[in-house]
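Colleague: Pasting the sequence and the predicted coordinates here, then a few questions.
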Amino acid sequence: MLTRHHTLRQAIQYSDARYEQERALFHTLGIFVGGFNLAAVVHLGFDEVVLQSLINKSLVHVAAAVGNERRFLLLEALREYAREQLMVRSEIRIVQKHHAEYFLALAERAERHASHAGQQLWINQLECDHHNLRAALTWAFTRKETAIALRIASSLGWFWDWCGYYTEAMRWLEQALALAEAEWAIPYDRLEGELTEPLRHQIDILAKVLSAKGAATMGDRETTAALYERSLALDRLTDPKETTLDLYHALARVEMRRGDYARADQWHDQALQLVHALPGISEDERKGKLAFALEQSSINAFHQADLERCQRLAEQALPLFAAVGNRRYEAYTRVVLGCVALYGKEFAQASELFTCAHAQFVEIGDVDGISWSMRQLGVLALHQKDWTKARASFIESLTLMQHSGDREDWLFTLCGLATVAIQQQREILAAQLLGAMKMLQQMINFIIPPVYRSDFAIMTANPTQLDGTAFAAAYDIGFAMTPAEAVAFALATV
């Protein structure tokens, strides 16, 4: 009898403990916004058994998986109630901190894989958890958790840039710099000699934030360059690392956009030297970084119309990308080699390379890559005087990129469509597109690289059969458009 009583007591205690775990988890799940995965639940101190109990009771719902990872969510009414209970029990502050720490770790892990194979899976993961990341940032800024706020913001810079969240990136990064200025008393005028570990840590984080903000302000080259140079000055106070390498590449891109290709080459040379000397990375990581440095340098050579050097560098990069499984940049390098073949009048080879790259982009779901390879197929069709195919390719490319905000891409595509309109004697349309191109060129201060000058020659004079008055009237209509209006016009009328 005593044994039965003891067993019953244990069962009741177990039931109470299980109920308490379920209650605690249910309330804790109110901290998530837009869903969560099992790893996040485990980080907050619970296990799959307790989660499954809530699923069985329909308090938690199973959402669409991301890759092979299951995701879960609470209906909004339940989430609001659970969050209210966290606040009533004064548990919300510690849960918010754990939540922010988890998503900080996720953001930094994703950043480390940003240029590796499987990049798209990390982009999908961050996209699914974007609301949680915003919540973590909001909490960190509100609580003045400076290091957490700056580390999350700087780690998401590449993601925001990749997905076109330019305005959001600027907002968070400006807040990050303002918070660092207010909370960290970094003695900029006395940063010499041996640095304390806390100060070294702050400098590393701030350098990353400045670099991320530089990437977010690429439309303003002078501001961008100043941010990168300030970041590099801080970065050089500590040991060389991957952020140093990223800054060399970023400064090279700025100089390339300024038209200072010699200075860009100098930054690329420094990047290549650092790749070989960079400490603490695996052989595969070194191969990947070397491949990226070679590919970036090849693009600068291409812009200078140095096709031979571009080909040599890209052909060195291609097998390295393949060796480390980076299919995205393998495909990008094929496009670069396709451009070399195209401008070298090797049209069959160009077609093969663009088509192969396009298939790779489709396979991995890289929308930017699909758009770029399709645009290059359009340029190839222009050179082959296949106006119908060229127009179809440009329209498909522009359709994919119309919401990206990448005005340089829009400019190149409008150039192709204007060329088609000229060849098909659609004179008014051609003049309007030329006006829109001029508007975009002035807005982004685009300097035409030597290799593209023949393509953009249509902008230098009236290439249509219209008289001066009619051409000017149509041209002015295009010039008065906003970038978004120009894209919508091109898609609606071509």
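Modeller: Received, thanks.

Colleague: And the pLDDT at Met459?
Modeller: As predicted, Met459 sits at a pLDDT of 81.

Colleague: Pretty sure it sits against Met437.
Modeller: Yes: using C-beta atoms under 8 Å, Met459 is in contact with Met437, at 6.2 Å. Bear in mind the C-beta positions are built from the backbone N, C-alpha and C, glycine included.

Colleague: With neighbour numbers in mind, choose between these two.
Modeller: Under the neighbour definition other C-beta atoms under 10 Å, Met459 and Met437 were set side by side, and Met437 has more, 26 against 15.

Colleague: need the helix or strand of the chain with the lowest average pLDDT.
Modeller: Of all helical and strand segments in the chain, the minimum by mean pLDDT, DSSP states H and E falls on helix 197-216, at a mean of 59.

Colleague: any idea how far Gln119 is from the most centrally placed residue in the chain?
Modeller: For the chain, the residue nearest the mean C-alpha position is Trp162 (2.0 Å; C-alpha atoms, centre = their mean). Trp162 sits 9 Å away from Gln119, taking C-beta to C-beta, to the nearest Å as the criterion.

Colleague: Need the nearest residue in space to Asp476, chain neighbours excluded.
Modeller: Closest residue in space to Asp476, ignoring its immediate chain neighbours: Gly435 at 6.2 Å, by C-beta to C-beta, 6 or more residues apart in numbering.

Colleague: which SS state does the one you found fall under?
Modeller: Here Gly435 is helix, with the state taken from DSSP: H, G, I helix; E, B strand; the rest coil.

Colleague: Quick one: residues contacting it.
Modeller: Applying C-beta atoms under 8 Å, 6 or more residues apart in numbering to Gly435 gives the contacts 474-481.

Colleague: can you pull out the strands in the protein?
Modeller: With DSSP state E as the criterion, the chain has strands at 36-37, 61-66, 69-73.

Colleague: which outside residues touch the first one?
Modeller: Strand 36-37 has contacts (C-beta under 8 Å, 6+ apart) with 29, 66, 69-73, 129, 132.

Colleague: again, only using 7 Å
Modeller: 69-72 (C-beta atoms under 7 Å, 6 or more residues apart in numbering).

Colleague: next one: stretch 80-98
Modeller: 26-31, 43-44, 74, 139.

Colleague: what do you get for stretch 399-415?
Modeller: 164, 166, 367, 370-371, 375, 394, 397-398, 433, 436-437, 440-441, 443-444, 446, 455-456, 483, 486-487, 490-491.

Colleague: now that stretch: how far from the chain's centre is it?
Modeller: From the chain centre to the centre of stretch 399-415 is a distance of 16 Å (C-alpha atoms, centre = their mean, to the nearest Å).

Colleague: average pLDDT for it?
Modeller: On average, the pLDDT along stretch 399-415 is 86.

Colleague: again, but for stretch 92-112
Modeller: Mean predicted confidence for stretch 92-112 is 92.

Colleague: Could you give me the buried positions within that stretch?
Modeller: Using 16 or more other C-beta atoms under 10 Å as the burial criterion, the residues of stretch 92-112 that qualify are 92, 95-97, 99-104, 106-107, 110-111.

Colleague: before we move on, back to that, out of everything not next to it in sequence, what's closest to the residue nearest to the centre of the chain?
Modeller: The shortest distance from Trp162 to any non-neighbouring residue, by C-beta to C-beta, 6+ apart, is to Ile123 (6.4 Å).

Colleague: Show me the shaky parts of the protein.
Modeller: Residue ranges of the chain with pLDDT under 70: 1-18, 115-118, 164, 185-228, 230-241, 404-405, 494.

Colleague: Redo the buried residues of stretch 92-112 as a markdown table? Include distance to Arg312.
Modeller: Below are the buried residues of stretch 92-112 laid out as a markdown table (distance: C-beta to C-beta, whole Å):
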| residue | distance to Arg312 |
| --- | --- |
| Ile92 | 59 |
| Val95 | 56 |
| Gln96 | 53 |
| Lys97 | 52 |
| His99 | 50 |
| Ala100 | 47 |
| Glu101 | 46 |
| Tyr102 | 45 |
| Phe103 | 43 |
| Leu104 | 42 |
| Leu106 | 39 |
| Ala107 | 37 |
| Ala110 | 33 |
| Glu111 | 31 |
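
Colleague: State the pair within those residues that is farthest apart.
Modeller: Spanning the widest gap among the buried residues of stretch 92-112 are Ile92 and Glu111, at 28.0 Å by C-beta to C-beta.

Colleague: Mind checking which of the contacts of Gly435 are in helices?
Modeller: Taking DSSP state H, the ones among the contacts of Gly435 that sit in helices are 474-479.

Colleague: What is the nearest of the residues you listed to Met256?
Modeller: Minimum distance to Met256 across the ones in helices among the contacts of Gly435 is 26.6 Å, recorded for Phe479 (C-beta to C-beta).

Colleague: Surely that closest one and Met439 touch.
Modeller: Yes: counting by C-beta atoms under 7 Å, Phe479 touches Met439, with 4.9 Å between them.

Colleague: quick revisit: for PyMOL, write the selection for the buried entries among the contacts of stretch 399-415.
Modeller: Here is the PyMOL command that selects the buried residues among those (16+ other C-beta under 10 Å):
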select buried, resi 166+367+370+371+375+394+397+398+433+436+437+440+441+444+446+455+456+483+486+487+490
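
Colleague: All the helices of the stretch 151-300 of the chain, residue numbers only.
Modeller: Here the stretch 151-300 of the chain has its helices, by DSSP state H, counting those that start in this stretch, at 157-163, 166-183, 197-216, 221-235, 242-258, 261-277, 283-303.

Colleague: Tell me which of the ones you listed approaches Phe361 most closely.
Modeller: Checking the helices of the stretch 151-300 of the chain against Phe361 by C-beta to C-beta gives helix 157-163 as the closest, at 13.9 Å.
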